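Asks: curious how this folds, go ahead:
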Amino acid sequence: MADQLSNDLASLRIARDDGPPSSGWLRRLVLLAVLGIAGAAAWIYGKPLVEAKVLRPEVDVTQIVVVTPAEAQAKLTSTGYVVPQRLSRVGARVPGRIKEMHVREGQVVAAGDVLAQLEAADQRALLNTARARLLAAKAQVQTAKAELADAQQQAKRERALVQRGVGQLAAAEDLEFRALAVQKQVAAAEANVKAVKAEVDAIEVNLADYTITAPMDGTVVAKPAQVGELVGVQASALVELADFGSLMVETDVPEGRLHLVQLEDPCQIVLDAYPTRTYRGRVEQITPKVNRAKATVTVKVRFDGDAQGVLPDMAARVSFLTGEPDPALADAAPKVIVPAAAIDERNGSTVVFVLDDDTVRMQTVELGETVGSGFELLAGPQPGATVVREPPSSLEDGQKVERKDQAS
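Replies: The predicted structure is shown next:
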């Protein structure tokens, strides 16, 4: 009965169709497609962001320069630095400690001026002792001369008595020999005076080395040593002097263009420190040596006229002119030029990207007329500023970059 009931109940169950078997490969295909789309989007949109924020993109750079009208006559332009031709690094001839320093950085001195004084108490004590010995040696000479005079007088008197027959010849001869011996003592004392005097002179010369003087007219161009420092023959210079009257621009001219440069050629000099000011110059010297590594020859250009404000190691740009500069052009104001390759358009504004160490700063500029391969800069960065050449569209203000010429 129970078995019959179970069979009846089983026959009453509704049969459900589980459907076709599941297709797992379709789900995998959809997942791969989604991942592929996400990867492509990450590559397209994320790569520039990663490069900009992490990888520091490499950029090429150029510079904002000042161009003078007279440079239209230039047959060659080269850069260099202002270098004093007369430079003296004054040191000490004797070791010692600085007691007094009489100059400071930037001070102008004349030849013979006292620069520093070293401690010399021991040398002065030696000098005083030697001078005392000299006085004693001179006193010995005077004593010996007095004895000589007395001996000569006695010998002369005794010789006179012998000649009159009342004196003894042996006594006269003894006195004469004594006078001769005393004369030798006088000579020895005088020689001793000379020896002690030479010792005094040597100590005085050595003592003079403790007073350091300027060997030439010049300007102190570096911070001098300070009171209390130890100095010596092998130590660094106490004072560095430069003759500003001997300042010249030393510039490297490519060997292949050296034929364009002749002695006494007129030049125009522009310093990075004063980009809107020009100086006249002339070729002073073409050094007789070629730098094989750079294939250049150093040319020295002197300042022809006023060199007010020029300091050693200033960067300079020299234009070698084809002839004497036109006075009309020489009086014309120079123009600040920004290369066209550095100009970009961002949000409706004309901008350049100025490189500040390893960071770029976007700066709006106002341009004037076209000048050569650039534009006159009416408003914007200062002359000499380094700007990015052909800035990429992904470049942003404040972004870290790396210069191509400094990339490792």
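
Asks: what is the rounded mean pLDDT of stretch 152-159?
Replies: Mean per-residue pLDDT for stretch 152-159: 69.

Asks: one more: stretch 109-121?
Replies: What stretch 109-121 shows for mean pLDDT is 93.

Asks: swap in stretch 126-138?
Replies: For stretch 126-138, mean pLDDT is 88.

Asks: could I get the buried residue list for that stretch?
Replies: By 16 or more other CB atoms under 10 Å, the buried positions in stretch 126-138 come out as 126-127, 130-131, 133-134, 137-138. All C-beta atoms are positioned from the backbone trio N, CA, C, and that covers glycine.

Asks: so which two of those residues are the farthest from each other?
Replies: The span of the buried residues of stretch 126-138, defined through CB to CB, is set by L126 and K138 at 18.8 Å.

Asks: quick one: which of the buried residues of stretch 126-138 is nearest to G305?
Replies: In terms of CB to CB, no member of the buried residues of stretch 126-138 lies closer to G305 than L127, at 51.5 Å.

Asks: that closest one: what secondary structure?
Replies: Of the three states, L127 takes helix under DSSP: H, G, I helix; E, B strand; the rest coil.

Asks: list the contacts of it.
Replies: Going by CB atoms under 8 Å, 6 or more residues apart in numbering, L127 touches 200, 203-204, 207.

Asks: OK, contacts around M248?
Replies: Residues counted as contacts of M248 (CB under 8 Å, 6+ apart) are 82-85, 284, 300-303.

Asks: most neighbours of all those, which one?
Replies: V301 (27 neighbours; other CB atoms under 10 Å).

Asks: I'd assumed R280 was in contact with that one.
Replies: No: look at V301 against R280 with CB atoms under 8 Å: they stay out of range, at 10.1 Å.

Asks: now the helices: where do they sit in the stretch 301-408 of the chain?
Replies: Here the stretch 301-408 of the chain has its helices, by DSSP state H, counting those that start in this stretch, at 327-331.

Asks: correction: the stretch 101-250 of the chain
Replies: Under DSSP H, counting those that start in this stretch, the stretch 101-250 of the chain gives helices at 121-163, 169-208.

Asks: relative to A342, how far out is the residue nearest to K138 when sequence neighbours are not counted?
Replies: Computed as CB to CB, 6 or more residues apart in numbering, the closest residue to K138 that is not its neighbour in sequence is V193, at 5.5 Å. Separation of V193 from A342 (CB to CB, to the nearest Å) stands at 83 Å.

Asks: got the contacts of M248 as CSV, with distance to Q63 columns?
Replies: What follows is those, written out as CSV (distance: CB to CB, whole Å):
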residue, distance to Q63
V82, 19
V83, 22
P84, 26
Q85, 28
E284, 27
K300, 24
V301, 21
R302, 26
F303, 24
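
Asks: before we move on, the earlier item: okay if I get the helices of the stretch 101-250 of the chain as a markdown table plus distance to L355?
Replies: What follows is the helices of the stretch 101-250 of the chain, written out as a markdown table (distance: least, CB to CB, whole Å):
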| stretch | distance to L355 |
| --- | --- |
| helix 121-163 | 57 |
| helix 169-208 | 55 |
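
Asks: tell me which of the ones you listed lies nearest to R89.
Replies: Using CB to CB, the helices of the stretch 101-250 of the chain put helix 169-208 closest to R89, at 20.0 Å.

Asks: doesn't Y279 make contact with D306?
Replies: Yes: taking CB under 8 Å as the definition, D306 is a contact partner of Y279 at 7.5 Å.

Asks: more neighbours: those two, which one.
Replies: More crowded of D306 and Y279, by other CB under 10 Å: Y279, with 22 against 9.

Asks: and that one, what element?
Replies: Element membership of Y279, judged by DSSP states H and E, is strand 274-291.

Asks: D252 too?
Replies: D252 belongs to strand 247-254 when assigned by DSSP H and E.

Asks: and the strands in the stretch 301-408 of the chain?
Replies: In the stretch 301-408 of the chain, the strands defined using DSSP state E, counting those that start in this stretch lie at 315-321, 335-339, 344-346, 349-356, 359-364, 366-371, 374-379, 386-389, 402-403.

Asks: can you list the strands that the last one pairs with?
Replies: Using DSSP bridges, the neighbouring strands of strand 402-403 in the sheet come out as strand 58-63 (parallel).

Asks: what residues of the partner strand count as buried?
Replies: By 16+ other CB under 10 Å, the buried positions in strand 58-63 come out as 59, 61-63.

Asks: gap between whatever helix or strand comes next after that strand and the chain center?
Replies: Beyond strand 58-63 on the C-terminal side, the first helix or strand identified by DSSP H and E is strand 65-67. Mean-position distance between strand 65-67 and its chain equals 25 Å (CA atoms, centre = their mean, to the nearest Å).

Asks: next one: stretch 248-260
Replies: Going by CA atoms, centre = their mean, where stretch 248-260 is centred and where its chain is centred differ by 22 Å.

Asks: and the end-to-end length of it?
Replies: With CA to CA, to the nearest Å as the measure, stretch 248-260 spans 20 Å from end to end.

Asks: swap in stretch 220-229?
Replies: Using CA to CA, the end-to-end distance of stretch 220-229 comes to 18 Å.

Asks: good, wrapping up.
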